[in-house]
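Undergrad: Below is the structure, and that's it, no one-letter string:
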């Protein structure tokens with residue numbers, strides 16, 4: 001009985017058109033939602049990359065400063081006398 005009722009509704013040309021347009025509208029909405037989520041994910045990845053680049057830059061500066069530091073007290077005293085700091 002239900003199958004004949006549903007079959008009768010779907011057999012109507014107006015209902016078929018409504019189902020068709022409803023399906024198309026649902027597909028478009030789902031596509032737009034997935035597009036927004038992909039944009040959010042891309043933004044988070046870009047922010048993470050920027051943070052990592054800043055951390056790498058800071059670490060590089062620290063390594064360069066460590067490479068230029070005086071090796072012992074004698075070199076430190078020489079630099080202080082020469083005004084190298």
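TA: Structure's in. What do you need? Source: prediction; values computed, not measured. Residues are numbered from 1 along each chain as shown.

Undergrad: Check the offset of the helix or strand hosting residue 26 from the chain's centre.
TA: If you go by DSSP states H and E, residue 26 is part of helix 13-68. In terms of C-alpha atoms, centre = their mean, to the nearest Å, the centre of helix 13-68 is found 4 Å from the chain centre.

Undergrad: measure residue 14 to residue 20 for me?
TA: Distance of residue 14 to residue 20, given as C-beta to C-beta, to the nearest Å: 11 Å. To be clear about C-beta, it is placed using only N, CA and C from the backbone, and glycine gets the same treatment.

Undergrad: If you could redo that for residue 82, that was the one I meant.
TA: 85 Å.

Undergrad: and if you look at residue 36?
TA: 25 Å.

Undergrad: just residue 44 next, same as before
TA: Per C-beta to C-beta, residue 44 is found 37 Å from residue 20.

Undergrad: burial of residue 70, as a residue count?
TA: Residues lying near residue 70 (other C-beta atoms under 10 Å) number 14.

Undergrad: and it, backbone torsions?
TA: Residue 70 adopts backbone torsions of phi -70, psi 140, taken as degrees, to the nearest 10.

Undergrad: what sits against it?
TA: When contacts are counted by C-beta atoms under 8 Å, 6 or more residues apart in numbering, residue 70 is found next to 76, 78-79.

Undergrad: go again using 7 Å as the cut-off
TA: Residue 70 is in contact with 76, 79, counting by C-beta atoms under 7 Å, 6 or more residues apart in numbering.

Undergrad: Distance-wise, check it relative to residue 48.
TA: Remark: distance between residue 70 and residue 48 (C-beta to C-beta) = 37 Å.

Undergrad: again, but for residue 14
TA: Separation of residue 14 from residue 48 (C-beta to C-beta) stands at 51 Å.

Undergrad: Then residue 81?
TA: The value you get for residue 81 to residue 48, if C-beta to C-beta is used, is 47 Å.

Undergrad: How many neighbouring residues does residue 36 have?
TA: Per other C-beta under 10 Å, the neighbour tally for residue 36 reads 10.
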